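> I'll drop the sequence and a predicted model, then ask my questions.
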Amino acid sequence: MESASLSLQAHSRWKHLETVFWLFALLSPWLLAKHALIINEIVIVALFALSLDLILGYTGIVSLGHAAFFGFGAYSAALFAIHVMPDPLLGLLFGAGISLLLGALCSVLILRGSDLTRLMVTLAVALILKELSNKLSWLTGGTDGLQGVMMGPVLGKFDFDIRGITAAWYSLAVTFLLFLLIRRLVHSPFGATLTAIRDNRLRAMAIGIPVSTRIAVIYSISAAIAGAAGALLAQTSSFASPDVFAFDRSADILLILVIGGTGWLYGGIIGAIVFKLLQDVISSITPEYWTFWIGAFLIALVIVGRERFLYPWKWFAKR
Amino acid sequence: MLTILFDGIAYGMLLFVLAVGLSVTMGLMNFINLAHGAFAMTGGYVTVLLMQRMDVPFLLCLPAAFISTAVLGVIFERTLYRHMYHRSHLDQVLFSIGLTFMSVASMTYAMSSSQQIIQLPEWLKGRTEIGEGTWVLGMGHYRIFLIVICALLAWGLQAILTHSRFGSRLRASVDDQRVAAGLGINVNGIFMITFAAGSGLAGLGGALGIEVLGLDPSFPLKYLIYFLIVVAVGGTSSITGPLFAALLLGIADVAGKYYIPQMGAFIVYTLMIVILLWRPHGLFERKGGK
């Protein structure tokens, strides 16, 4: 009995490599102080990708509109800072909480229908929110967005600085805590039922897993985390515009997740690092046609297959 | 009010031509092709180039747009799309988004990102009004032209689909690919032709739509949602489904933008979500197929 439970738990243990990775990640704003701004961006995108992985990789729900929650979190955090109080942590909680509610509402929409229906509905939700953020200009500043959102110091001690070091620390700390939470979640029995739903919904239902409830719960959690990522973006850049709901953002995050690999916690993180660095390099060479190369990259990735693309030696391996 | 209804119908007809190819390919191969708008954009640019650089008359440009996009469709189908048929929906979505991004970027590079305009022939420019008061019906000549062309196309497609040998093969392939192939129908060939025709129609729609929808490199992304609405709401079983959905969408959009402009495209999206909640597989679900 003892060994059985040990072997079952083995894959949820912390590996040395993971520890090293997070140690480096948490120290990176200090080691690479010059690049604090891009570190901050990568961390936010990684958190966003993680949230999508929960529903796409672990539960198998395709979404083309995850930016809806990201943007919703961003706007609510920015509005909270302007109208209620500038404390970042409370703003973050508010942004995540209100995205959780939105996610719970929207989860009703994705329970029925085929993949196409789901793509459409998620896309439409993001577009509706974008439209709203455009039209409700008394609240959201219209197309200009909310600019110059003043944030208070984190925990009442650390002020946001122009070099973005505090911002990077802050995002990293939040992401790390949420990562721990997600990690615990997917290795729990609850997480196992999600994978069961992904692999075979009918059988999952037959062995007594409450499929609809599980999907609704994980969708809301994922929405909350996406909202937290959006809130981080709004707080650290002191800016929120309708662009946060854009279709490109939903598509990019899907791409990031696919580069890193779905159904794997580090997939989103690695994808985010690769994507952001690539974007940085390519944009500095040909600033306008970044979308062209990202499109070409996507096609190549899908045609060749992710496995063979990332590990070219598998071309020659026996099938 | 009648004018709005009329404009809505013209708009809906145009959307139908743009989206009908997508609905057939989606029904036939269960393939989610988000790059459909890119074909429409190509048709539009072919027309613009022909008219601006070579002074080809508008009416000749329309078949040219159809043919060039159809040829492009065949090339893409043979080289790229056919590898994607049996992949997961996620792969198809990523692939076609990639294609869309590439087309947007290359068009920006080749044609600059500005709006393109064309000079319509004189006889399409005017406007006729019938009736008076609240029931006045103002019809732009171009919109009459649109409605006539699109209605003819819809009728023609329906006739081909229901009364020709090709149509019955196509319907058989949509209903059950394996059995159709077992009966000696060349499903791949049928699909290639359908894909070409669908892309061609999109190209034609793009050419017709320059005047109404505008044309710039972001076209495929801007109207993607509209095509998808037509397909998702109309279902993939017949021509009538997408036609009805396109008309509904066109009228709702025009009326919404006229009566409640501050709501913008809001109405359309909400309408779609409600319809999809009510009938997740579209208004006209296919019976008996697989």
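Cool, got the structure.
> where along chain B do the strands fall?
Taking DSSP state E as the criterion, chain B contains strands spanning B:127-130, B:137-140.
> Which residues does the last one contact?
Strand B:137-140 is touched from outside by B:Leu2, B:Thr3, B:Phe6, B:Asp7, B:Ala10, B:Gly126, B:Arg127, B:Thr128, B:Glu129, B:Ile130, B:Gly131, with contacts defined as Cβ atoms under 8 Å, 6 or more residues apart in numbering or on different chains. For the C-beta atoms, the positions are set from N, CA and C on the backbone; glycine is no exception.
> ok, for the first one, nearest residue in space, not its chain neighbours?
Which is B:Leu2. B:Leu137 (4.1 Å; Cβ to Cβ, 6 or more residues apart in numbering or on different chains).
> and B:Thr162, how many neighbours does it have?
By the criterion of other Cβ atoms under 10 Å in any protein chain shown, B:Thr162 has 12 neighbours.
> Now name the helix or strand holding the nearest residue to B:Met102 once chain neighbours are set aside.
Distance criterion Cβ to Cβ, 6+ apart; nearest residue to B:Met102, sequence neighbours excluded, is A:Gly295 at 3.5 Å. Applying DSSP states H and E as the criterion places A:Gly295 in helix A:290-304.
> what helices or strands is that helix leaning on?
helix A:247-260, helix A:265-285, helix B:89-111 (3 or more Cβ pairs under 8 Å, 6 or more residues apart in numbering or on different chains; DSSP states H and E).
> Let me see the mean pLDDT of the longest one.
Read it as helix B:89-111. Mean pLDDT, computed over helix B:89-111, is 85.
> what's the answer for the first one, then?
Averaging pLDDT along helix A:247-260 gives 84.
> Next: the second one.
pLDDT averaged over helix A:265-285 equals 85, rounded to a whole number.
> Give me the distance from that helix to the chain's centre.
14 Å (Cα atoms, centre = their mean, to the nearest Å).
> Residue 137: neighbour count?
Unless you meant another one, I'm taking chain A. For A:Ser137, using other Cβ under 10 Å, the count is 11.
> wait, chain B
For B:Leu137, the neighbour count with other Cβ under 10 Å is 15.
> thinking again about what came up before, would you quantify the distance from the residue nearest to B:Leu2 to chain A?
31 Å (Cβ to the nearest Cβ, to the nearest Å).
> Can you give me the pLDDT of B:Gly264?
64.
> nope, A:Ile294 is what I was after
For A:Ile294, the predicted pLDDT is 80.
> Report the contact partners of it.
Counting by Cβ under 8 Å, 6+ apart, A:Ile294 has contacts A:Asp252, A:Leu255, A:Gln279, B:Gly98, B:Phe101.
> Which members of these are the farthest-apart pair?
Farthest pair in those (Cβ to Cβ) is A:Gln279 and B:Gly98. Separation: 15.3 Å.
> In terms of neighbours, single out the busier of these two.
Per other Cβ under 10 Å, whichever of A:Gln279 and B:Gly98 has more neighbours is B:Gly98, with 26 against 17.
> so the residue nearest to the spatial centre of chain A is in which element?
Nearest to the geometric centre of chain A sits A:Phe48, at 1.3 Å (Cα atoms, centre = their mean). Taking DSSP H and E as the criterion, A:Phe48 maps to helix A:36-56.
> just checking, what packs against the helix or strand that that helix is followed by?
Using DSSP H and E, the next helix or strand after helix A:36-56 towards the C-terminus is helix A:67-83. Helix A:67-83 makes packing contacts with helix A:88-110, helix A:115-135, helix A:137-140, strand A:146-147, helix A:211-237, strand A:239-240, helix A:247-260 when contacts are defined by 3+ Cβ pairs under 8 Å, 6+ apart.
> B:His141 reaches B:Lys125, doesn't it?
Yes. Between B:His141 and B:Lys125 there is a contact under Cβ atoms under 8 Å: 6.5 Å.
> Same drill for these two, tell me which one is more crowded.
B:His141 (16 against 12).
> What does the pLDDT read for that one?
At B:His141, pLDDT is 81.
> so where do the helices sit in the stretch 101-250 of chain B?
With helices called from DSSP state H, counting those that start in this stretch, the stretch 101-250 of chain B shows them at B:141-163, B:165-175, B:177-182, B:187-213, B:219-234, B:240-259.
> in the second one, what counts as buried?
Buried residues in helix B:165-175, counted by 16 or more other Cβ atoms under 10 Å in any protein chain shown: B:Arg169, B:Leu170, B:Arg171, B:Ala172, B:Ser173, B:Val174, B:Asp175.
> from these, which is closest to A:Phe158?
Among the buried residues of helix B:165-175, and counting by Cβ to Cβ, the member closest to A:Phe158 is B:Val174, at 61.7 Å.
> mind checking pLDDT for the closest one?
pLDDT at B:Val174 comes out at 77.
> ok, back up a step: report the buried members of the contacts of strand B:137-140.
Buried among the contacts of strand B:137-140 by 16+ other Cβ under 10 Å: B:Thr3, B:Phe6, B:Asp7, B:Ala10.
> where's the nearest residue to the third one once chain neighbours are set aside relative to chain A, distance?
Leaving aside its sequence neighbours, B:Asp7 sits nearest to B:Val254 (Cβ to Cβ, 6+ apart; 5.0 Å). Computed as Cβ to the nearest Cβ, the B:Val254 to chain A distance reads 17 Å.
> Enumerate every residue touching B:Val254.
Neighbours of B:Val254 in contact, by Cβ under 8 Å, 6+ apart: B:Ile4, B:Asp7, B:Gly8, B:Tyr11.
> can the residues you listed go into TSV with extra columns for pLDDT?
Converted to TSV, those look like this (pLDDT from 0 to 100):
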residue	pLDDT
B:Ile4	80
B:Asp7	83
B:Gly8	85
B:Tyr11	86
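> any chance of those in TSV, plus distance to A:Arg214?
Formatted as TSV, these follow (distance: Cβ to Cβ, whole Å):
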residue	distance to A:Arg214
B:Ile4	46
B:Asp7	47
B:Gly8	42
B:Tyr11	42
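> Which of those residues lies at the shortest distance from chain A?
Nearest to chain A, judged by Cβ to the nearest Cβ, of these is B:Tyr11 at 18.5 Å.
> Count residues in the vicinity of the closest one, would you?
For B:Tyr11, the tally of surrounding residues (other Cβ under 10 Å) stands at 25.
> any idea how far chain A is from the closest residue to it other than its chain neighbours?
Take B:Tyr11 and drop its neighbours on the chain: the residue closest to it by Cβ to Cβ, 6+ apart is B:Gly250, 3.7 Å away. The gap separating B:Gly250 from chain A is 17 Å, by Cβ to the nearest Cβ.
> Please list all residues in contact with B:Gly250.
Residues near B:Gly250 by Cβ under 8 Å, 6+ apart: B:Gly8, B:Ile9, B:Ala10, B:Tyr11, B:Gly12, B:Met13, B:Leu14, B:Leu15.
> Please apply the same query to A:Gly57.
Applying Cβ under 8 Å, 6+ apart, one finds that A:Gly57 lies in contact with A:Leu257, A:Thr262, A:Gly263, A:Trp264, A:Gly267.
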